[in-house]
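[1] Sequence below, structure please.
(chains A, B, C and D)
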There are 2 protein chains.
Amino acid sequence: MLKQDTTLISDDTQVSHLHKVKSTSADKTSTTLADQILVQIQTSIIKGELPAGSKINEQALAEKYGISRGPTREALHTLERQRLVVRSPHVGARVAQLTVSELNDLYQLRSVLEGMACELAASRITPEQLAKLEDLLACQDAALAKGDTYFQEEGDVDFHYQIIQASGNKHLQETLVGGLYHLLRMYRYQCTNKNRPVKAIAEHRRIVEAIAQRDGELASLLMRRHIEQGRKNTELRLIELQANAAAKETLANIS
Amino acid sequence: MLKQDTTLISDDTQVSHLHKVKSTSADKTSTTLADQILVQIQTSIIKGELPAGSKINEQALAEKYGISRGPTREALHTLERQRLVVRSPHVGARVAQLTVSELNDLYQLRSVLEGMACELAASRITPEQLAKLEDLLACQDAALAKGDTYFQEEGDVDFHYQIIQASGNKHLQETLVGGLYHLLRMYRYQCTNKNRPVKAIAEHRRIVEAIAQRDGELASLLMRRHIEQGRKNTELRLIELQANAAAKETLANIS
DNA sequence: AAATATTAAATTGTCAACAATGATGCGGTT
DNA sequence: AACCGCATCATTGTTGACAATTTAATATTT
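    Below you'll find the model as predicted:
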């Protein structure tokens, strides 16, 4: 009857939940249960703890997080929208597969969309938003100086995110942030490359400069090039990764 | 209301499967129940039977189609992905609202995406796909001659759909068809304009010509102009519509 | 022994009841 | 009369059981 999710979520259910606790645990006032596990499954997928292409068992997943299949199902539905999961009726959900052709499709689309975002941002960005972007650049420089690679990754996400926000186009935002971005993060996380950041930050700076000068055409061009650089990088790592996997496969078949 | 979709479920449980029929997706029987009502709610929303901006009651909707709240909920979730519904936790679902600014955002995004689709289609389209497109143009001419406006509407959807397919970019397809297209249809249905088709068909023809000549740049340009024409048209009708609604509102307030 | 038909198991889809939250209406106070 | 707190109601979120379907495992036939 009582939920046993104490291990993963919070174990404040110990002593006095005489009152319907209302979950006043200060931090986040319980949105919906589905949304809570959504982010957890998200990160599990992005980090590869749930391997790309693997089957997802609703029951097992639900039990893992100590909840019922209902919310789990809804989370999977949202993950499908985010392109992290593929579902087929009566068969179930699988983690998205990482392939070269899909990577190219994805980046091609992203390039066009973020190019568009840059053009819009150049004409619409507010001084506050611009200041925030420049702060971010400074942060990235500082992080780079300390060699903090993961924060750099996070910073890159923020950079693109803020430009998308500055575009002011609601549907563009929804398409990128709600639709493509998570899958993008998955590719980048699993095909990460150490020596890229230093160049990427320089490119970021030039993009912001173009936006600040209200030169949308230039900003768009620089952004598309920047993304193309990222694509090449990721593609290389992905091919390498898949070659390794194939080798391991044949090795297993021999033995 | 009793469910009368029992007729939809075929009783072919007897042995007549010589081969594993692999179930071509055109088969409408035995999908999931949620998918079946999804299309019904879809059309209800697009046609305005469920008015834009109105609240959706899960229970009532479920009863209307003679099913339980579970599948209804899933359908609403899919409708959210299609931008036809907006959901907020613990509050519920509303039909998307039709506003001028959203219309502009939507068409701006669509313009960029279908422009991209044209460029890709110009370089990748197969002879079969091209033949199908030209067949469609002929069909549209014929329908126009008979003054069959609704079929024209449907034909226009098909036209854009086929070019999107010919682009060959999976994520682009998913973004347009799975994401934006239904909302687009809603705007166009509720802000329809009679005298547009005749010009639109001519524009279609020129776009196909450009694609056939492998001139992606031109095809993209023509498509973006074509869409811009549609946007203007829809915007005009929408403003008109909202002015009427506002007038009726004030009238009601007086009495 | 290989391939196919049949049965059994595991998994997804659906339902109806229950819990938790937001919305509504009432009564009291200023 | 308007505002605020409180109780009630309606609606959404969640659960566990059940039905339908797919996947696997087994038996059967050629």
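
[2] so where's chain A shaky on pLDDT?
    A:1-30, A:149-150, A:248-255 (pLDDT under 70).

[3] Could I get the full set of helices for it?
    A:33-47, A:58-64, A:69-81, A:100-124, A:127-146, A:149-167, A:170-173, A:181-190, A:197-212, A:216-254 (DSSP state H).

[4] can I get those in TSV with mean neighbour count and distance to B:Ser44?
    For glycine as for every other residue, the C-beta is placed from the backbone atoms N, C-alpha and C. Formatted as TSV, the helices of chain A follow (neighbours: other CB atoms under 10 Å in any protein chain shown; distance: least, CB to CB, whole Å):
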stretch	mean neighbour count	distance to B:Ser44
helix A:33-47	18	25
helix A:58-64	15	30
helix A:69-81	20	21
helix A:100-124	21	31
helix A:127-146	14	40
helix A:149-167	19	33
helix A:170-173	19	22
helix A:181-190	20	31
helix A:197-212	18	43
helix A:216-254	15	40
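
[5] Show the contacting residues for the closest residue to DNA strand D within the stretch 151-255 of chain A.
    Relative to DNA strand D, the nearest point of the stretch 151-255 of chain A is A:Gly178 (17.2 Å; CB to the nearest atom of the strand). Listed by CB atoms under 8 Å, 6 or more residues apart in numbering or on different chains, the contact partners of A:Gly178 are A:81-82.

[6] any idea how far it is from A:Ile207?
    23 Å (CB to CB, to the nearest Å).

[7] what's the neighbour count on the residue in chain A positioned nearest to DNA strand C?
    Residue of chain A nearest DNA strand C, by CB to the nearest atom of the strand: A:Gly92 (3.2 Å). By other CB atoms under 10 Å in any protein chain shown, the residues close to A:Gly92 number 14.

[8] Would you mind naming the residues that bridge with it?
    A:Ser88 (DSSP bridges).

[9] So it versus B:Ala34, what's the distance?
    As judged by CB to CB, A:Gly92 and B:Ala34 stand 15 Å apart.

[10] Which residues of the stretch 51-200 of chain A lie near DNA strand D?
    The stretch 51-200 of chain A has residues A:67-71, A:74, A:90-91 near DNA strand D, with proximity defined as CB under 7 Å from any atom of the strand.

[11] hmm, 6 Å instead?
    Contacts of the stretch 51-200 of chain A with DNA strand D, taken as CB under 6 Å from any atom of the strand, map to A:67-68, A:70-71, A:90-91.

[12] Just the CA coordinates for stretch A:67-82, please, in CSV.
    What follows is stretch A:67-82, C-alpha atoms only, in CSV (Å, rounded to 0.1, in the frame of the first residue of the first chain):
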residue,chain,number,x,y,z
ILE,A,67,5.6,3.6,-8.6
SER,A,68,2.9,2.1,-10.6
ARG,A,69,2.8,1.5,-14.4
GLY,A,70,0.4,4.4,-15.0
PRO,A,71,2.8,7.3,-14.5
THR,A,72,5.6,5.3,-16.0
ARG,A,73,3.6,4.9,-19.1
GLU,A,74,3.0,8.7,-19.3
ALA,A,75,6.7,9.4,-18.8
LEU,A,76,7.4,7.0,-21.7
HIS,A,77,4.9,8.9,-23.8
THR,A,78,6.7,12.1,-23.1
LEU,A,79,10.0,10.5,-23.8
GLU,A,80,8.7,9.5,-27.2
ARG,A,81,7.9,13.2,-28.0
GLN,A,82,11.5,13.9,-27.0
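
[13] List the contacts of it.
    By CB under 8 Å, 6+ apart, the residues outside stretch A:67-82 that reach it are A:3, A:5, A:32-35, A:37-38, A:41-42, A:45, A:56, A:58-59, A:61-62, A:65, A:85-87, A:93, A:178-179, A:181-183, B:73-74, B:77-78, B:81.

[14] ok, A:Val208 touching A:Glu134?
    Yes: with contacts counted by CB atoms under 8 Å, A:Val208 reaches A:Glu134, the gap being 6.5 Å.

[15] picking that back up, now tabulate the residues of the stretch 51-200 of chain A next to DNA strand D in CSV and tack on distance to B:Leu109.
    Listed next are those as CSV, based on distance: CB to CB, whole Å:
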residue, distance to B:Leu109
A:Ile67, 36
A:Ser68, 38
A:Gly70, 34
A:Pro71, 31
A:His90, 34
A:Val91, 32
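
[16] could you list every residue that touches the residue nearest to A:Lys199 when sequence neighbours are not counted?
    Leaving aside its chain neighbours, A:Lys199 sits nearest to A:Gln229 (7.3 Å; criterion: CB to CB, 6 or more residues apart in numbering or on different chains). A:Gln229 makes contact with A:196, A:199-200, A:203, according to CB under 8 Å, 6+ apart.

[17] Same check on A:His171?
    With the criterion set at CB under 8 Å, 6+ apart, A:His171 makes contact with B:83, B:102, B:105-106, B:109, B:180.

[18] Now flag whichever of these is closest to DNA strand D.
    DNA strand D has its nearest neighbour among the contacts of A:His171 in B:Arg83, at 18.3 Å by CB to the nearest atom of the strand.

[19] and that closest one, backbone torsions?
    phi 70, psi 10 (degrees, to the nearest 10).

[20] what number of residues lie near it?
    B:Arg83, neighbours per other CB under 10 Å, totals 20.

[21] Same check on A:Tyr65?
    Neighbourhood size, A:Tyr65 [other CB under 10 Å]: 20.

[22] how much space between the nearest residue to it once chain neighbours are set aside and chain B?
    The shortest distance from A:Tyr65 to any non-neighbouring residue, by CB to CB, 6+ apart, is to A:Ile37 (4.8 Å). Separation of A:Ile37 from chain B (CB to the nearest CB, to the nearest Å): 14 Å.

[23] One more: A:His182?
    A:His182 sits 13 Å away from chain B, going by CB to the nearest CB.

[24] from what I can see that residue touches A:Ala96, true?
    No: A:His182 is beyond contact range of A:Ala96, at 9.5 Å (criterion: CB under 8 Å).

[25] who's in contact with stretch A:91-107?
    Contacts of stretch A:91-107 (CB under 8 Å, 6+ apart): A:45, A:50-58, A:76, A:79-80, A:83-87, A:180, A:183-184, A:186-187, A:190-191, A:227-228, A:230-231, A:234-235, A:238-239, A:242, B:169-172.

[26] Dump the C-alpha coordinates for it into CSV.
    Coordinates of each C-alpha in stretch A:91-107 appear next as CSV, following Å, rounded to 0.1, in the frame of the first residue of the first chain:
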residue,chain,number,x,y,z
VAL,A,91,5.1,-4.3,-28.6
GLY,A,92,6.5,-1.7,-26.2
ALA,A,93,9.1,1.0,-25.9
ARG,A,94,12.8,0.9,-27.0
VAL,A,95,15.5,3.4,-26.3
ALA,A,96,16.3,5.4,-29.4
GLN,A,97,19.1,3.9,-31.5
LEU,A,98,22.1,6.0,-32.4
THR,A,99,22.9,5.8,-36.1
VAL,A,100,25.0,7.9,-38.4
SER,A,101,22.2,8.7,-40.8
GLU,A,102,19.9,9.8,-38.0
LEU,A,103,22.7,11.9,-36.6
ASN,A,104,23.0,13.6,-39.9
ASP,A,105,19.3,14.2,-40.2
LEU,A,106,19.1,15.5,-36.7
TYR,A,107,22.0,17.9,-37.1
